[in-house]
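1. With the input below, show me the fold.
(chains A and B)
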Amino acid sequence: MTTTAATATVVAVEARTTRRSRPAGENQGGWLFATPFLVLYVLFLIGPVVIGLVISLFNTATVKSGLGNWVGTANYAAVLKSSDFWQSMWHSVLFTLLTTPPLVLLPLLFAIFAARISRSRWFFRLAFFAPYVVPSSVVCLIFAFMYTPQTGLISKLFSGVGLSAPNFLGSTSGAWLAVTLLTLWWTFGFNFILYTAAIQDIPEETYEAAAIDGASPWQQIRSITIPMLRSTSSLVLILQILASLKVFDQIYILLSGGPNESTRPVIEYIYDTGFTSYRGGYASAATMVYFVILIVVSAGWALIRRGRNQAATTVNA
Amino acid sequence: MTRAVSRRQFLAIGGGLGLTGALSACASPVLNSITGGQPNTADVIYWNLFGGGDGINMAKMVSSFEQASHLSVESTLLSWGNPYYTKLALAASSGRPPDVAISHLSRLPLLAEAGLLEPVENAGIAAVGINKDKFTPAAWKKATVNGTVYAVPLDTHPFVMFYNVDLAKKAGLLNASGDNLKPMQGRGDFINALKAMKEAGGQYGAISANTADPATTWRWFMTVYSGLAGPIVSDQGAKVTIDGAALEETFAFMQSLTGPLGLMPGNAADDTVTTLFGGGKVGFLFDGEWQIPTYRGVKLPDGKPFNFNVVPFPAILGTKQVAYADSHSLVIPKSSIRSAQRTVHAVAFIKGLLDRSSIWAGGGHIPAWLPVQTSKAFLDLKPQSNYIQAAFKAVYDPPGWYTGAGSDFQNAMGGVITEVLAGGISPRSGVSAMTASLKTFSTAIAPVR
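-> Numbers count the residues shown, from 1 in each chain, chains lettered A, B, ... in the order given. Sure thing, here's the model as predicted:
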């Protein structure tokens, strides 16, 4: 659930389009202010990536000091051939396919509705955002209680209306449903707040003018709000794809990748091989493969966006 | 005019005070965590993975030790299986391990070869009278890795045969005194016993969890296969040493019970097993002795108490009687900062648990500590004392860096066996499926050598 790295990439991309030349002194001051962040960034992000790249070429044991034997690209070859790796990669992709559409569309819908409520708007904003600040372990424990067969709240609701509840924790389809619902409730607020902020940026006069021209609320939403949210929507979309591809905690805590590893995401595969089987070198190689996949997704998105922006600029000119 | 304290000054003073407070007390947890020490919140820090009935028994043993020795023990329960071993290994490799921890003997080779454990003989176990002669030999042997003893075995927990006493009586399988089965030897006797149980009114002759329970499936397989051949991998897991003929015979035998003979269900989940055996509908149950508490005090559908007994497996294929088993053991993780005094406490604690292993036996386990195993109190304990021999004939998981309790290896092997039992593949394809599945483990570059 770390969206920070992804946000940083996206912000960098956005920044490029608005770069302007500034006085030299301001530039130095900027670097100075950024130093604490840069130190941490190098120490905890760039550093580990470089170390990971190095040990992916060795047979490093996680629990022993030293690099171990040089194995060259053997780890990479093994990862690319491993059906377990690709299976877990597919689970991460499947999770992304399951969670991205609802997490992009529903927050948009609710943000628009919440913005049109005139009284106690703060309450709805708070209510939607609040779950986002709950730690993953707590969310998973609460949902595990509710999903428990026979005695859990959700299972009881099903039997209350005469239906049999899906086997949330014991069957593969039930487990995907369980973890998707949990994620939807939990991370809904982040996208909701992005949309809400963007909606507030739309000038009030636009609506006023539209209202004077006799546009109904529905026409205002369709012809003003949604088109003006387009750039935010595409930002939310890519952030969501990256966040979903990075799924780990919910599935690990709620299901430990089960039943029978049928929901194990790729990060848990890396964790299992790296920390449970001590295969640090191999796990680093798997991380690098996964890293490249994420880069390709992000770069693909950036290219599409740039192409679109250029098209837009040409039209405007 | 008083000068107002600026925000910067205020923060400096506050931060300074905070730091002094945190660092002043010499043994404060904050300082300890910065310097990499382990906060010594008790005389012995102890990690284990026991929930349920075993957890209750372990807590009894720990508190009894605390009272007798006046040492404090902080015992931490972690999730069973991979999460436990992951945390133990990472704690040890980062230099902050507990003083004493539980390990399955089947999980010992990897921990020992990664250099995470203190050889127990260096820790001074001999000084308190712990030595080789006082343990079940099979367990002590498994606690030894490359000639060095790394663990003190606490118990042996074999895979055993439960039987329904009433059905066995009807089937004519009981001995003269009625307290045990008539001796059995070999495939013929075994199949006849299962047939007799089925004819005596059982829905099946025997049952064993083989759906969504790869570990139990693996144990049942190992019980049969180990009677014919040695470990399926060797050289620390790098070499596949499957005996193809023995494996095919094993699969054919297991499949005949679930298939043509219809003596065992081909797909039974854990719930099915408990319901059918606990409901008096099946003659035999093949399961670990730790299931004894599950069936204690169970009532049959007609209200009568459920009467069962537990015995070791006879020789089935081949002539050698074997018992697939594992052991819980006590290890001292390596730590560069543990004081000599704490090591003495750790050893005293291990001895204390061994001396109290009669409590541990309540969970069905056979104490590995012979002074308790040969005591009258344990010999009078039924059904535990029926299967003491199983501890001496114990066959463990083959040693390798990927094998052991709760491992991916057991899951993968169990998966293949489940398919064979359900009749999905023939014994011959089972052999190639298992060989192929083993290859992914044996060809992986081992993290330790």
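
2. what does chain B have sitting close to chain A?
-> Within reach of chain A by CB under 8 Å from any CB of the partner chain, chain B has these residues: B:82-83, B:85-86, B:89-90, B:92-93, B:110, B:114-116, B:212, B:214, B:401-402, B:408, B:411, B:440, B:444-448. Heads up, the C-betas are built off the backbone N, CA and C, glycines and all.

3. which of those residues are buried?
-> B:82-83, B:85-86, B:89-90, B:92-93, B:110, B:114, B:116, B:212, B:214, B:401-402, B:408, B:440, B:444-448 (16 or more other CB atoms under 10 Å in any protein chain shown).

4. Out of those residues, which sit inside strands?
-> Judged by DSSP state E, strands contain none of these.

5. Among those residues, which ones are in helices?
-> Using DSSP state H, the subset of these located in helices is B:82-83, B:85-86, B:89-90, B:92-93, B:110, B:214, B:408, B:440.

6. And the pLDDT at the residue nearest the centre of chain A?
-> By CA atoms, centre = their mean, chain A has its centre lying nearest to A:Ala243, at 1.4 Å. Predicted confidence (pLDDT) for A:Ala243: 94.

7. and B:Leu285, backbone torsions?
-> Dihedral angles of B:Leu285 (phi, psi; degrees, to the nearest 10) stand at phi -120, psi 130.

8. For it, grab the count of nearby residues.
-> Close neighbours of B:Leu285, defined as other CB atoms under 10 Å in any protein chain shown, add up to 24.

9. Apart from its chain neighbours, what residue comes closest to B:Ile45?
-> Nearest residue to B:Ile45 in three dimensions, chain neighbours excluded: B:Pro98, at 4.3 Å (CB to CB, 6 or more residues apart in numbering or on different chains).

10. Helices of the stretch 1-150 of chain A, residue ranges please.
-> In the stretch 1-150 of chain A, the helices defined using DSSP state H, counting those that start in this stretch lie at A:4-17, A:24-41, A:47-55, A:74-81, A:83-116, A:121-129, A:136-147.

11. closest one to chain B among those?
-> Judged by CB to the nearest CB, the one of the helices of the stretch 1-150 of chain A that comes nearest to chain B is helix A:74-81, at 6.7 Å.

12. Specify the angle between that closest one and helix A:47-55 in degrees.
-> If you take axes from the mean of the first three to the mean of the last three CA atoms, to 10 degrees, helix A:74-81 sits at 100 degrees to helix A:47-55.

13. Give me the buried stretch members for helix A:74-81, please.
-> For helix A:74-81, the neighbour count (16+ other CB under 10 Å) marks A:74-76, A:78-79 as buried.

14. tell me which strands and helices that helix is in contact with?
-> With contacts taken as 3 or more CB pairs under 8 Å, 6 or more residues apart in numbering or on different chains; DSSP states H and E, helix A:74-81 sits against helix A:280-316.

15. The helix it packs on vs helix A:74-81, what angle?
-> Using the same axes, to 10 degrees, the direction of helix A:280-316 lies 70 degrees away from that of helix A:74-81.

16. Name the residues of helix A:280-316 that are buried.
-> Residues of helix A:280-316 classed as buried: A:280-290, A:294, A:298, A:301-302, A:305 (neighbour count, 16+ other CB under 10 Å).

17. which stretches of chain B have low pLDDT?
-> Applying pLDDT under 70 to chain B flags residues B:1-39, B:449.

18. Can you check which strand is longest in it?
-> In chain B, ranked by residue count with DSSP E as the criterion, the top strand is strand B:155-164.
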